[in-house]
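[1] Let me see the structure of the following:
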Amino acid sequence: METSAPKTGLSASKAEWDKLVADAKREGRVAIFAGPIGDGRSALTNAFQQKYGISLDIVLGRGEELLAKMESERRAGIYGVDAIIHGMTTYFNSGLLKSSTVPIAPLLVLPENQDLSKWRGGKYAAALAPDKSTTAALIRAGAPLAYADLKEPRPTSSGPGNIVVMDRAPHPNATKLFINWLLSKEGIAVYSKAHGYASTRLDVHTEGVDPIFMPKPGETILGEEYQLSKGEMRKLAAEIFRDLIK
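    Modelled structure (predicted):
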C-alpha cells in the first residue's frame, strides 16, 4: 500500500496542466465509491467544486456492498466508477481491486506530489486519514468518550483513508486532476481537517487534529505485510481462544 521509489509521471508544464484542467472540466465529474469518511465527503466535494468547477459524486457504503455493485456493473459492461476510497482490508480482500486498478504514481504530475521528502518516511502512503467518524459524532453529541493514549510507539491503521483508481475510468482526466489535487498540500489539508487526523504529508498543518492522533516518534503505518498476515493471526487467535468462543 506504499512505495518508496515510484515511477512518477513527468512534471507537467503550465500548458500541459492547463490542458488537463480543461479536459477535466469537459468531463465534469469524478465518480467515487467510499467507505465511512465522515465529514470528508462534503469537505472534498465543496473544495474541489469551488476550485475547478468539477463535481465529486461520492457514494458512501460498506466496502463489500459497493464492490459487489461494481462487480455486477462491470460484468454487464458498465464502467461507472473512477476511484474508490476504502479501508486496507477491503483492498486486500478484493480480487477486483487487485486486478482492475491502475498505479497512482504515474498519474502524479504536480512537482510537489513527486517530492518524497514531503511524506513521512520518504514514501507515498495510502493512509490519508484513519476513520473516527462514528466516535467523533458521538463525542460531538456529548457522549462521555475519550481516546486512550498508548505511551509506547504504536502502529496506526489507515482506516478508510486509502484510494485506488480504477482501470477504464469513465472520467480519466477529471480523475487524474482529482488525484493530483487530493495528494497536494491543499487537498490533503482539506481532508485531514475534515477527518481530524494528521496527514502523512509533513508539510500539512495539524490545526484541529486531536493530539491523541498525532504520530509519535517510531510510529509506523500498518501496511501490506500486516494485511497479508492478518489471516494467519486470526487463525492463531481462534486456536488460542477456541475454548472461550464455542
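[2] For residue 164, see how far away the residue lying closest to residue 117 once chain neighbours are set aside is.
    Spatially, and ignoring its direct neighbours in sequence, residue 117 is nearest to residue 202 (7.9 Å; C-beta to C-beta, 6 or more residues apart in numbering). Backbone N, C-alpha and C define where each C-beta goes, glycine included. When distance is defined by C-beta to C-beta, to the nearest Å, residue 202 is 23 Å away from residue 164.
[3] the more surrounded of these two?
    Set side by side, residue 202 and residue 164 show unequal neighbour counts under other C-beta atoms under 10 Å, the larger going to residue 164 at 20 against 13.
[4] Quick one: classify the more buried one as helix, strand or coil.
    The three-state assignment at residue 164 reads strand, by DSSP: H, G, I helix; E, B strand; the rest coil.
[5] Show me what it is bridged to.
    Beta bridges link residue 164 to residue 84, judged by DSSP bridges.
[6] Can you name the residues that contact it?
    Going by C-beta atoms under 8 Å, 6 or more residues apart in numbering, residue 164 touches 83, 84, 86, 91, 97, 101, 104.
[7] Confirm that residue 174 sits in a helix.
    Yes. Under three-state DSSP, residue 174 falls within a helix.
[8] For it, give me its contacts.
    24, 25, 27, 28, 29, 30, 54, 82.
[9] Farthest pair within the residues you listed?
    25 and 82 (15.1 Å; C-beta to C-beta).
[10] More neighbours: which of those two?
    A side-by-side neighbour count of residue 25 and residue 82, using other C-beta under 10 Å, places residue 82 first with 25 against 14.
[11] Residue 33 and residue 65 touch, don't they?
    No. Assessed by C-beta atoms under 8 Å, residue 33 is found out of contact with residue 65, at 9.5 Å.
[12] For the two, work out which one has more neighbours and name it.
    Taking neighbours as other C-beta under 10 Å, residue 33 and residue 65 compare with residue 33 leading, 24 against 10.
[13] what residues are up against that one?
    With contact set as C-beta under 8 Å, 6+ apart, residue 33 has these partners: 58, 59, 61, 66, 67, 69, 70, 81, 83, 84, 85, 86.
[14] So which of those residues sit within strands?
    When strands are assigned by DSSP state E, the members of the contacts of residue 33 inside them are 58, 59, 83, 84, 85, 86.
[15] was I right about the fourth one contacting residue 163?
    Yes. Residue 84 is in contact with residue 163 according to C-beta under 8 Å; the separation is 7.0 Å.
[16] out of those two, which sits in the busier spot?
    residue 84 (26 against 20).
[17] Could you pull up the mean pLDDT of stretch 109-123?
    Taken as a whole, stretch 109-123 has a mean pLDDT of 75.
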